[in-house]
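[1] next input, structure requested:
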Amino acid sequence: MSTNPSSAIFPTKPPFRKLRGFAFDPITSLDLETAEINHITYKVPWEDDLKPGPEGEYIKVIDRDPASDATYKPVDLNDPSILATDGLSPSESNPQFHQQMTYSVIMSTIKNFEKALGRKVMWSPLEKVVKNKHTYEFVDKLYVYPHALRDQNAYYSPERKALLFGYYNATPKNAGIYLPGGIVYSCLSHDIVAHETTHALLDGMYSRFMEMTHPDVAGFHEGFSDIVALLQHFTHPEIVRNQIRKVRGELNTENLLAKMAVEFGQSTGEYSSLRDAIGYSDKDGKWIRNKPSTKDYDSMLECHDRGALLVSTIFDAFLAIYENRTADLVRIGTGGTGILVPGEIHPDLVKRLADEASKVASHVLNMCVRALDYCPPVDLNYGDYLRALITADKELVEDDVHNYRIAFINAFRKRGIFPEGVSNLSVEMLCYQDLQDQADKQAFSKSNFEFLRRFKERLSYVGDRKTIFTETQNFIRGNKLKGITGLHASLFDTNGKATNPKNLENITGLVFSEQYADLGIRNSRTYRYSPSIEIHSLRIHNRTGPDGNLQNQIIMTLAQRSRVQVKEDDNGGIHFIPLKKSSANTSAMTFRGGCTLIFDLNDLTLKHAISKPIFDSCHLKEKGNRKLSLNKKRLMMQYRCNYGDLADKMNFASRRHRLSEPFAFIHKAKTDII
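    I've put the predicted structure just below:
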């Protein structure tokens, strides 16, 4: 035997950690038809320095139970006996398993986001005001409390940067469904944990998506979080095969894969799951397929219903793509008739259909997450999201051989969701177009692009999240010690004048000229006579498409706010008056505009400007007219959502949206949890 050290074989780092858990929730294990598939093994990214809790790079599980005045011992997932058995066995009574379950689902959700975005995810920073100056602190870990409250609730707390899961005594409609008084733990539901994690991930990308500027805003947070949870059902092959076999390949009928939070729904007085993407159960337990209508978008305004509308839309697109991709398999399996014979379908056909379903779900999930980079930073609506979906996918995947984009367009169209500013629903029209005006294209100077190049070079090979955050803040706000000017300073000269104010206003819909004070926009703290511009984020955007095309981009999100006094005249008319000086007037509204800018570093051009203008841009095309006024259409919508006729319909009245815990209120609003 050789004793040469160079010939020794050292173990390699494991790619993932195997941890057992529930695929859905504990009640699914009590049904003979689903018991065999509810215990699964999660494969979560391996963390070398994982501490008891678990506590890793992204999260820290803290298991204190205030209601019982108890603190539970943290699980050590590096314990040899736990490692050797793929984690603790699923258990409703073991707090350490509860910790393991939440960790497994949260890390799986993070992995799916990072796969789609192609970069590390960040939690929303901690914003502080010191000496009238805003500072942003890096949030290293999201805190997770598996037994935070004894209540029918679970929520993400933007203020505490934490996920809080409740537990409660069941009150089912039918005692045969669930044990009356039995304890239900929301942290043991895959769907609830994935849903709350998605809220936190969304907040890390767009902190303004919870400001009530449109009926779609809260609905998007709820619906998108459901979509992520539902599509993650398809990442476990054994579950998909089981359900494909049960429904004979027809996923547009009742099945477990399309249901959200079954245990919670049944234990809180519902007849079925909390939500179902394709149907619902009536009081007799009969399942009824949803029928989309072009009136849905105008009639479904309550925030939970609005979220469910988005879920059914995305899931409808998923089903259409699945049916299109499996049509040939069905023809082969039926001898060309397309009609399956009675009885169970062949196991080989089950496997092939399940493989296609999992593949489509993965593609759709990636599309949905990737589209976030193409959304405006404020005032998002479903039409904006459809355009983001189509644009993001077309730029990465030129040849849409399976008509994914058409499936999404049809699903939105069936529910009356039509984007503004388009003349038809073709893929070409829905895609955000490249800038055409030569002067607008040159609004950002060569020095601006050089600034962005330096940013990319500094961060391209950085993997530490704190370093990424710190360096990004240096480039946004400047760091004299490191010789970094800062993005705001790169947009304005030493006198506080924008280089190309007219063109920057045309592109972004934000105010860069001296007219800012007339619109109730405060001045910059950096330059006394320049408008304040909020720079929300700078993100590197590198992806390689299936055809080998490389996206080499920087995404910048900007916002601007105006303080507006609202007055009603004797005839009931509403008037918006910009406040030209700082005011403590509590009746004033904060009105925001924003823009997402996508720069292509391959050819040094601004590719897209996705804007929600703070001013009315319609008249700017009139020759010689540069008198700016606030965007009254957007102002009126925001007013209606917070103080007017839409507030009660949305179930999110004005006084509520200022609460520090908006998700706690939304999730509790209808005795719903999510």
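[2] can you show me the CA trace of the longest strand anywhere in the chain as PDB?
    Identified as the longest strand of the chain according to DSSP state E is strand 550-568. As requested, the backbone C-alpha atoms of strand 550-568 are provided in PDB (Å, rounded to 0.1, in the frame of the first residue of the first chain):
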ATOM      1  CA  LEU A 550     -25.300  35.800 -23.000                       C
ATOM      2  CA  GLN A 551     -27.100  38.600 -21.200                       C
ATOM      3  CA  ASN A 552     -24.600  41.000 -19.700                       C
ATOM      4  CA  GLN A 553     -26.700  43.600 -18.000                       C
ATOM      5  CA  ILE A 554     -27.000  45.900 -15.000                       C
ATOM      6  CA  ILE A 555     -30.400  46.600 -13.500                       C
ATOM      7  CA  MET A 556     -31.000  49.900 -11.700                       C
ATOM      8  CA  THR A 557     -34.200  50.800  -9.900                       C
ATOM      9  CA  LEU A 558     -35.000  54.400  -9.100                       C
ATOM     10  CA  ALA A 559     -37.900  56.100  -7.300                       C
ATOM     11  CA  GLN A 560     -39.000  59.500  -6.400                       C
ATOM     12  CA  ARG A 561     -41.600  60.800  -4.000                       C
ATOM     13  CA  SER A 562     -43.900  63.800  -3.700                       C
ATOM     14  CA  ARG A 563     -45.900  65.000  -0.800                       C
ATOM     15  CA  VAL A 564     -49.400  66.000  -1.900                       C
ATOM     16  CA  GLN A 565     -52.300  67.700   0.000                       C
ATOM     17  CA  VAL A 566     -55.700  66.200  -0.900                       C
ATOM     18  CA  LYS A 567     -58.700  68.500  -0.900                       C
ATOM     19  CA  GLU A 568     -62.400  67.900  -1.700                       C
END
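[3] buried residues of it, list them for me.
    Within strand 550-568, the residues that count as buried by 16 or more other Cβ atoms under 10 Å are 551, 553-564, 566. Glycine gets a C-beta too; all of them are placed from N, C-alpha and C.
[4] who's in contact with the next helix or strand after that strand?
    Downstream of strand 550-568, the first helix or strand assigned by DSSP states H and E is strand 574-578. Strand 574-578 has contacts (Cβ atoms under 8 Å, 6 or more residues apart in numbering) with 518-520, 562-569, 589, 591, 630, 632, 635-636, 639.
[5] can you do 6 Å?
    With Cβ atoms under 6 Å, 6 or more residues apart in numbering as the test, strand 574-578 has contacts from Leu519, Gly520, Val564, Gln565, Lys567, Glu568, Leu635.
[6] would TSV of these with pLDDT and distance to Asn403 be doable?
    Below are the contacts of strand 574-578 laid out as TSV (pLDDT from 0 to 100; distance: Cβ to Cβ, whole Å):
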residue	pLDDT	distance to Asn403
Leu519	91	44
Gly520	91	47
Val564	92	45
Gln565	90	50
Lys567	87	51
Glu568	84	50
Leu635	93	39
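[7] what average pLDDT does stretch 357-377 get?
    When pLDDT is averaged over stretch 357-377, the result is 96.
[8] picking that back up, okay if I get the buried residues of strand 550-568 as a markdown table plus distance to Val184?
    As requested, those are arranged in a markdown table below (distance: Cβ to Cβ, whole Å):
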| residue | distance to Val184 |
| --- | --- |
| Gln551 | 45 |
| Gln553 | 45 |
| Ile554 | 46 |
| Ile555 | 41 |
| Met556 | 44 |
| Thr557 | 39 |
| Leu558 | 44 |
| Ala559 | 40 |
| Gln560 | 45 |
| Arg561 | 42 |
| Ser562 | 46 |
| Arg563 | 45 |
| Val564 | 45 |
| Val566 | 44 |
